[in-house]
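[1] here you go, sequence then predicted model.
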Amino acid sequence: MSETEEVEEEDNSFIKIVSRNHPIFKNRAATFYSMQNGKLNAEKLPTIPDNIIVCDGCNELIKDEEVGLLMLEPDRCWGTQCKKCRVEYYSELPVVRDD
Ligand SMILES: [Zn+2]
């Protein structure tokens, strides 16, 4: 039962459980864009080591063999969630396994 009767936008989000060896965690690099004297600078940031997975909810290191991904839609990953955050904030979402 929900506490509010508000009309909410359709929510397709779900939790996808993947192995910490999933390709999504390989070669994670980011580019930092900035403007300087009217010119756009693109600076490559160092690649994040494959085994460093941080929860986007609480910023704690995820050490489990399996990692929860908060998916907004089947092809849109919002970020990682540790088991604790998953239970605390997203327990109502469907959970699927990536086999
Ligand atoms: Zn967390």
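    Perfect, thanks for sending it.
[2] for this protein, what lies in contact range of the ion?
    Proximity of the chain to the ion, by CB under 5 Å from the ion, involves residues 55, 57-58, 82, 85. For glycine as for every other residue, the C-beta is placed from the backbone atoms N, C-alpha and C.
[3] switch to 6 Å and redo it
    55, 57-58, 60, 81-82, 84-85 (CB under 6 Å from the ion).
[4] using JSON lines, please lay out those together with secondary structure, neighbour count and pLDDT.
    Below are the residues of the chain next to the ion laid out as JSON lines (DSSP: H, G, I helix; E, B strand; the rest coil; neighbours: other CB atoms under 10 Å; pLDDT from 0 to 100):
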{"residue": "C55", "secondary structure": "coil", "neighbour count": "19", "pLDDT": "97"}
{"residue": "G57", "secondary structure": "coil", "neighbour count": "18", "pLDDT": "95"}
{"residue": "C58", "secondary structure": "coil", "neighbour count": "13", "pLDDT": "97"}
{"residue": "E60", "secondary structure": "coil", "neighbour count": "11", "pLDDT": "96"}
{"residue": "Q81", "secondary structure": "strand", "neighbour count": "25", "pLDDT": "97"}
{"residue": "C82", "secondary structure": "coil", "neighbour count": "22", "pLDDT": "97"}
{"residue": "K84", "secondary structure": "helix", "neighbour count": "13", "pLDDT": "97"}
{"residue": "C85", "secondary structure": "helix", "neighbour count": "19", "pLDDT": "97"}
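[5] so can I have TSV of the residues you listed showing distance to F14?
    TSV is the format used below for the residues of the chain next to the ion (distance: CB to CB, whole Å):
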residue	distance to F14
C55	17
G57	16
C58	20
E60	22
Q81	11
C82	17
K84	18
C85	15
